[in-house]
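Asks: Build me a model from this:
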Amino acid sequence: MKKPKEIPTVSYDVIVAGAGVAGVAAALAAAEEGAKVALIEKTIFPGGLATTGLVFFYLQLCDGKGTQVSYGLVEKLLKASIKYGPDSLKKKDWGKTPWKPEDGCYCTEFAPGAFILAMDELLEQAGVDFWLDTLLVDAETDENEAIHAVYVENKSGRIRLEGKAFVDATGDSDLVRRAGGETTDGMNYTCMWAVHHDLDADPKEFGRHFPLYYFPEKECNTHGVSGREVTGFVLRSRALLRHHYDEKYASGAADRTTLYPLILPAMPQYRKISCIVGKYRLHDGQAMTRFDDSIGMAGDWRNTANDPWEIPYSTMIPEKIRNVAAAGRNTSSEGEAWEITRVIPCAVVTGEAAGVAAALAVKNGVTVDEVPYDAVARCLVRRGVKLHLSDVGLKYK
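Replies: This next block holds a predicted model:
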């Protein structure tokens, strides 16, 4: 029998698991606040569903009626998403000129490759140590259930990453779950976002002959928390795509030279997998509600007439496992609230707050859960974040 190799240890201040937009925001915020940061990503791209998953629409930072509600890194990343590619912004100078209904929402489409390059640039400038093609495999906790190390694997083998504070931005609470924390699973539907070549597409539209194609969702009872579920979900999604092209070719509406798939998502296009059981759970009917511990706001992308939400800091702190903040779609929420927290703008809002909390924990020699909300709020305000609806002139219901 071969003798097991000794596992090397690398130490950081803050370790962020998952480099979707939430993880990127957390890593940037922590680094900007002076922490030595490691960002772990199982693929070779930052951005998660926004890039690897081809869901390349940066949803609204406003209330749909001309008032911007999301500020801070969420706006910086929106602008980064179009730095190296086209956009579909109707109003280019939000906040500088009076809004008119024809200006639309503060949102844009973007080219996934362009956003990847821009995020690479921001992370490099911030000094974040990016671990690509690296899989999180385990978490190490102490007797107080506080995480103090994670185990990862890549081409170098298994490595132990020791940290003073952690952020779970995995999208499915993988870090909290591996540390023994409680989570709640969500339900998903098979669907497909893909890029295809279409000679009949309007060349004036975003992407020219490579438009976004979105398939209607089909009912599918899958959670995405087991290997077999993930495999089945991906194969069913791609089967929808085959069926679409078979129908087009059979009808004579197109052939394989005029319409064909160009790029498919390189990750499962799950919307909701698993979120933490937090100190508080955001739930239905809480739009336009004031939370004393709000870390920012998110618009409701489903309907421009819908009202924005404040996001409580307590939804980011696990009830059981310590020294970690959740960011992105795995913050504690349910029902219609989860529809808000799972998309790009809110993921970045919670990511920035999580990164700030982790950096403050390191500065003060405490665990993340011991960082008082007031300290997080002061830092976010200094960074340009608007915390409450009243800060932007909106009234509570």
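
Asks: Doesn't residue 116 belong to a helix?
Replies: Yes - per DSSP: H, G, I helix; E, B strand; the rest coil, residue 116 lies within a helix segment.

Asks: number of nearby residues for it?
Replies: Neighbour count for residue 116, taken as other CB atoms under 10 Å: 19. Every C-beta, even on glycine, is put in place using the N, C-alpha and C of the backbone.

Asks: right, and it touches residue 48 too?
Replies: No - at 10.9 Å, residue 116 does not count as touching residue 48 under the criterion of CB atoms under 8 Å.

Asks: in the stretch 151-300 of the chain, which spans are helices?
Replies: 174-178, 227-251 (DSSP state H, counting those that start in this stretch).

Asks: Of these, which stretch is the most buried?
Replies: helix 174-178 (a mean of 24; mean count of other CB atoms under 10 Å).

Asks: tell me how far that helix is from the chain's mean position?
Replies: Put simply, helix 174-178 sits 16 Å off its chain's centre (CA atoms, centre = their mean, to the nearest Å).

Asks: For the stretch 1-150 of the chain, give me the ranges with low pLDDT.
Replies: By pLDDT under 70, the weakly predicted segments of the stretch 1-150 of the chain are 1-4.

Asks: Kindly report the same for the stretch 201-350 of the chain.
Replies: Within the stretch 201-350 of the chain, the stretches with pLDDT under 70 are 201-221, 304-305.

Asks: Excluding chain neighbours, what is closest to residue 42?
Replies: Leaving aside its chain neighbours, residue 42 sits nearest to residue 135 (4.9 Å; criterion: CB to CB, 6 or more residues apart in numbering).

Asks: and the one you found, what is it in contact with?
Replies: For residue 135, the contacting residues are 42, 152, 153, 154, by CB atoms under 8 Å, 6 or more residues apart in numbering.

Asks: For it, name its beta-bridge partners.
Replies: residue 153 (DSSP bridges).

Asks: That one and residue 318: what is the separation?
Replies: Here the distance between residue 135 and residue 318 works out to 22 Å (CB to CB, to the nearest Å).

Asks: What of residue 283?
Replies: Separation of residue 283 from residue 318 (CB to CB): 17 Å.

Asks: And residue 145, by the same measure?
Replies: 9 Å.

Asks: Please apply the same query to residue 389.
Replies: 27 Å.

Asks: what about dumping the CA coordinates of stretch 236-250 to PDB?
Replies: C-alpha atoms of stretch 236-250 as PDB (Å, rounded to 0.1, in the frame of the first residue of the first chain):
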ATOM      1  CA  ARG A 236     -33.100  16.400 -19.800                       C
ATOM      2  CA  SER A 237     -32.200  20.100 -20.500                       C
ATOM      3  CA  ARG A 238     -30.100  19.200 -23.500                       C
ATOM      4  CA  ALA A 239     -32.800  16.800 -24.700                       C
ATOM      5  CA  LEU A 240     -35.100  19.900 -24.900                       C
ATOM      6  CA  LEU A 241     -32.600  21.500 -27.200                       C
ATOM      7  CA  ARG A 242     -32.400  18.400 -29.500                       C
ATOM      8  CA  HIS A 243     -36.200  18.400 -29.700                       C
ATOM      9  CA  HIS A 244     -36.300  22.000 -30.700                       C
ATOM     10  CA  TYR A 245     -33.900  21.600 -33.600                       C
ATOM     11  CA  ASP A 246     -35.500  18.300 -34.700                       C
ATOM     12  CA  GLU A 247     -38.900  20.200 -35.000                       C
ATOM     13  CA  LYS A 248     -37.300  23.100 -36.900                       C
ATOM     14  CA  TYR A 249     -35.500  20.800 -39.400                       C
ATOM     15  CA  ALA A 250     -38.500  18.500 -39.900                       C
END
